[in-house]
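Trainee: what would the 3D arrangement of this be:
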Amino acid sequence: MEVGMGRPRHSLYLIAVAAAGALVLAACGSSSPSKTSTSGIAKGGSITYALDEDVAGFNINQADDDEFVLQEIMDQVWPSVYVTQPNATVALNTELVTSAKVTSSNPQTVVYQINPKATWSDGTPISATDFIYNWQAQSGNPKYKDVGGKAFLPAGTSGYNQISSVTGSNGGKTVTVVFSKPFADWQGLFGDLMPAHIADKVGFNNGFQTFGPAVQVSGGPYEIQSYSKGEDLVEVPNPKYWGPKPHLSKIVYRFILDDSQDAPAIQSGEVDVVNPVIPSVAYADSIKSISNFTASVLPGLEFQHIDFNEANPYLAKLAVRDAIALGTNRTQMIQRIVAPIFSTVNPADVSKAQVLNNRIYMPIQPTYQNTSGSVGAFDPTKAKQLLTSAGMTMGSDGYMHPNFGPLKGKDFTLSISTTSGVPVRQEIEELFQADMKAIGIKITIQNYNADTLFGTVGPKGEFDLIQFAWVGSPFASGNQPIYCSYTNTAVCGENWDHYSDPKVDSLFDEALSDLNPTTDASLYNQIDALLWKDMATLPLFENPVYYGWSTKYSSVVPNPTSVGIPWNAQDWALKA
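Mentor: Residues are numbered from 1 along each chain as shown. Have a look, this model is predicted:
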């Protein structure tokens, strides 16, 4: 979920939606996230956005709540120093801070000047106290405690764990951050700034888990007015917001967990914006037939993948994981699923559909490399040989029979899980199931609703194989919580797979402190090459990110990164 790495998409902070891009950016900026003209637009009105899952809680920085859908909701509520743009770069949010400058390289020091007008919706000034709290809560340092003396449970600690101090001056409006060692992706820090004066009272871990007054405090253009579980969440303009006022009087996030219901909801006027987990051709065709509605399909920082739970005695064997990878016809998935989606909007975009051979970088990024080596190609013959070498014998029923472990003498059976109600994910599972049958592995499908899959099954390791998507940001450092050794729970809270490689840990530590864009990208690609060598996870394809919206609105701009399409919702407006 989900801005460091990204987020799972249920549709993970990574948020259940992820490999992050690693564009190294300038040391400071001066542009606001977005500006729009007021000519040709009406004041007021509402818009309804269909979300494909409900939220687990309301603290996007907390491990259990780190979901892509929550990030979309919080885009307009908890402010970020830098805002991720649609082209995977970032822009300084000058409504929150008037400047952010690296003032020293030894030690690396960043000074932020908070906008003098910046104020939380309850009238409390946004100050250095907020920066200090957000750092401490996400630092992973055991000396900092949540209310009741509990350890903080952040979604990730990358970068925050390299800060030695955060101090305030100038009445709390100047923030000085000093790093214990350099951090290349410092611009990814202090996103989704949460109100310290509230969190300090109600608690970081549990204080934002249910809707109430704490959740309603905003530092952005909108605030959350109401929430009905399983139905909708409503945002209205924050009356204390000091920047340009949003145009719409209401944003409704409606939870529609079955993508097939999007088209009827659009036709009936109940929904104005959609962004399905991953659309089917039937879905895209049903939207295409609706008048006064437009659609866009973009490659982005989101990718589908299959994870292996190495706590399983069979999946703990590298030969078995390699066999599964070699036996999976990823090209067929591209031809059957991805290419047709691109062609539904623009046939010329079919060339953008390709097998994914990197987890850290996506093909739209210049730092992308094919790091898959010999295990990136489809080779079912070699896959069967590897299963035999791992101690299995082909049975007369066409399935491998392990000569060891709990399945000794029985069909080698594994389960795969994903979110229920998503036809394309079901198709991925069925294609995978057929591929595995061809090499002698019996696959059973056990799907769950998003809350269960990402709230229980994944985090608690209650799976053999799990399929979902990560949604990334421009900062590759956000990948660390997913792939660093699972035993380091303070840092690697999103490693659900019991994966561990000290070489990967060491390279992440080196990359996080490397300030040279060229060598930094090289280090992350070395990490991904090791992830292939270890067969940590199996990347499938870069997601075709589908957006649809009513043409009666202006300034709706797709953003295929971890912030999603509401990144500039303060600019959305009804056309006059």
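Trainee: per-residue pLDDT, the residue nearest to Ala265 when sequence neighbours are not counted?
Mentor: Nearest residue to Ala265, sequence neighbours excluded (C-beta to C-beta, 6 or more residues apart in numbering): Val271, at 4.0 Å. Bear in mind the C-beta positions are built from the backbone N, C-alpha and C, glycine included. If you check Val271, the pLDDT there is 98.
Trainee: quick one, strands of the stretch 351-500 of the chain?
Mentor: 392-394, 400-402, 413-417, 442-445, 465-472 (DSSP state E, counting those that start in this stretch).
Trainee: TSV for those strands, including distance to Phe58 and mean pLDDT?
Mentor: Output for the strands of the stretch 351-500 of the chain, formatted as TSV (distance: least, C-beta to C-beta, whole Å; pLDDT from 0 to 100):
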stretch	distance to Phe58	mean pLDDT
strand 392-394	47	98
strand 400-402	45	98
strand 413-417	26	98
strand 442-445	32	98
strand 465-472	19	92
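Trainee: hang on, the earlier thing: wait, doesn't the residue nearest to Ala265 sit right on Thr48?
Mentor: Yes: using C-beta atoms under 8 Å, Val271 is in contact with Thr48, at 5.2 Å.
Trainee: comparing the two, which residue is more hemmed in?
Mentor: In this view Val271 and Thr48 are compared by other C-beta atoms under 10 Å, and Val271 has more residues nearby, 24 against 21.
Trainee: neighbours around Pro182, how many?
Mentor: So Pro182, with other C-beta under 10 Å, has 16 neighbours.
Trainee: so where does it fall, helix or strand?
Mentor: In the assignment (DSSP states H and E), Pro182 maps to no helix and no strand.
Trainee: does it touch Glu510 like I think?
Mentor: No: using C-beta under 8 Å, Pro182 is not in contact with Glu510, being 10.8 Å away.
Trainee: thinking again about what came up before, most tightly packed of the strands of the stretch 351-500 of the chain?
Mentor: Of all the strands of the stretch 351-500 of the chain, strand 465-472 carries the top mean neighbour count, a mean of 30, counting by mean count of other C-beta atoms under 10 Å.
Trainee: give me the mean pLDDT for the single longest strand found in the chain.
Mentor: In terms of residue count, the longest strand belonging to the chain (DSSP state E) is strand 293-308. Averaging pLDDT along strand 293-308 yields 93.
Trainee: pLDDT score for Gly4?
Mentor: Reported pLDDT for Gly4: 34.
Trainee: I'd like the numbering to begin with 34 instead of 1 from here.
Mentor: Noted, 34 is the first residue going forward, which turns the last one into Gly37.
Trainee: neighbours of Val310, how many?
Mentor: Count around Val310 with other C-beta under 10 Å applied: 26.
Trainee: sorry, wrong one. I was asking about Lys441.
Mentor: Using other C-beta under 10 Å, Lys441 has 11 other residues around it.
Trainee: beta-bridge partners for the residue lying closest to it once chain neighbours are set aside, please?
Mentor: Distances taken as C-beta to C-beta, 6+ apart place Pro435 nearest to Lys441, at 5.6 Å, with adjacent residues excluded. Per DSSP bridges, the residues bridged to Pro435 are Met425.
Trainee: for Leu420, see how far away Pro435 is.
Mentor: For Pro435, the distance to Leu420 (C-beta to C-beta, to the nearest Å) stands at 9 Å.
Trainee: again with Val408
Mentor: In this view, Val408 and Leu420 are 14 Å apart by C-beta to C-beta.
Trainee: the more surrounded of those two?
Mentor: Using other C-beta under 10 Å as the criterion, Val408 and Leu420 rank with Leu420 on top: 26 against 20.
Trainee: nearest to Ile93 among the strands of the stretch 384-533 of the chain would be which one?
Mentor: When those are compared by C-beta to C-beta, strand 498-505 sits nearest Ile93, at 12.6 Å.
Trainee: so what strands line up beside that closest one?
Mentor: Next to strand 498-505 in the sheet, as set by DSSP bridges, lie strand 39-42 (antiparallel), strand 326-341 (antiparallel), strand 446-450 (parallel).
Trainee: for Met425, which of the ones you listed is the nearest?
Mentor: strand 446-450 (12.0 Å).
Trainee: what does the closest one rub up against?
Mentor: 339, 345, 347-348, 432, 440, 462, 465-466, 469, 474-481, 486, 490, 496-500 (C-beta atoms under 8 Å, 6 or more residues apart in numbering).
Trainee: out of these, which end up buried?
Mentor: Burial by neighbour count, judged by 16 or more other C-beta atoms under 10 Å, picks out 339, 345, 347-348, 432, 440, 462, 465-466, 469, 474-476, 478-481, 486, 490, 496-500 from the contacts of strand 446-450.
Trainee: now, which of these lie within helices?
Mentor: Among the buried ones among the contacts of strand 446-450, the members falling in helices (DSSP state H) are Glu462, Phe465, Gln466, Met469.
Trainee: against Asn601, how distant is the third one?
Mentor: For Gln466, the distance to Asn601 under the criterion C-beta to C-beta works out to 41 Å.
Trainee: and what of the second one?
Mentor: Here the criterion is C-beta to C-beta. By it, Phe465 lies 37 Å from Asn601.
Trainee: same check on the last one?
Mentor: Taking C-beta to C-beta as the criterion, Met469 is separated from Asn601 by 43 Å.
Trainee: list the contacts for Tyr274?
Mentor: Neighbour list for Tyr274: Ser154, Ser251, Gly253, Pro254 [criterion: C-beta under 8 Å, 6+ apart].
Trainee: check the contact between the last one and Trp275; I expect there is one.
Mentor: No: contact status for Pro254 versus Trp275: not in contact, 9.9 Å apart, counting by C-beta under 8 Å.
Trainee: and Ile472, how many neighbours does it have?
Mentor: 25.
Trainee: how about it, nearest residue that isn't a chain neighbour?
Mentor: Gly360 (4.0 Å).
Trainee: contacts only, for that neighbour.
Mentor: Neighbouring residues of Gly360 by C-beta under 8 Å, 6+ apart: Phe411, Asp412, Pro413, Ala416, Lys417, Asp468, Met469, Ala471, Ile472, Ile474.
Trainee: and of those residues, the nearest to Asp553?
Mentor: Phe411 (32.0 Å).
Trainee: so the closest one sits right up against Met366, yeah?
Mentor: No: applying C-beta under 8 Å, one finds Phe411 not in contact with Met366, separated by 10.5 Å.
Trainee: neighbour count: those two, which is higher?
Mentor: A side-by-side neighbour count of Phe411 and Met366, using other C-beta under 10 Å, places Met366 first with 22 against 16.
Trainee: where in the stretch 34-183 of the chain is pLDDT low?
Mentor: The model of the stretch 34-183 of the chain has pLDDT under 70 over residues 34-71.
Trainee: try it again with 80
Mentor: For the stretch 34-183 of the chain, applying pLDDT under 80 flags the ranges 34-72.
Trainee: can you give me the strands in it?
Mentor: Under DSSP E, counting those that start in this stretch, the stretch 34-183 of the chain gives strands at 39-42, 79-84, 115-117, 123-125, 130-138, 141-147.
Trainee: which one of those lies closest to Ser518?
Mentor: Checking the strands of the stretch 34-183 of the chain against Ser518 by C-beta to C-beta gives strand 39-42 as the closest, at 19.6 Å.
Trainee: centroid-wise, who is the farthest residue in this protein?
Mentor: In terms of distance from the mean C-alpha position of the chain, Ser429 ranks first, at 43.7 Å (C-alpha atoms, centre = their mean).
Trainee: that residue and Pro435, how far apart?
Mentor: For Ser429, the distance to Pro435 - C-beta to C-beta - is 15 Å.
Trainee: how near is the closest residue in space to Ile367 that isn't next to it in sequence to Gln402?
Mentor: Nearest residue to Ile367 in three dimensions, chain neighbours excluded: Ala386, at 5.2 Å (C-beta to C-beta, 6+ apart). According to C-beta to C-beta, Ala386 and Gln402 sit 19 Å apart.
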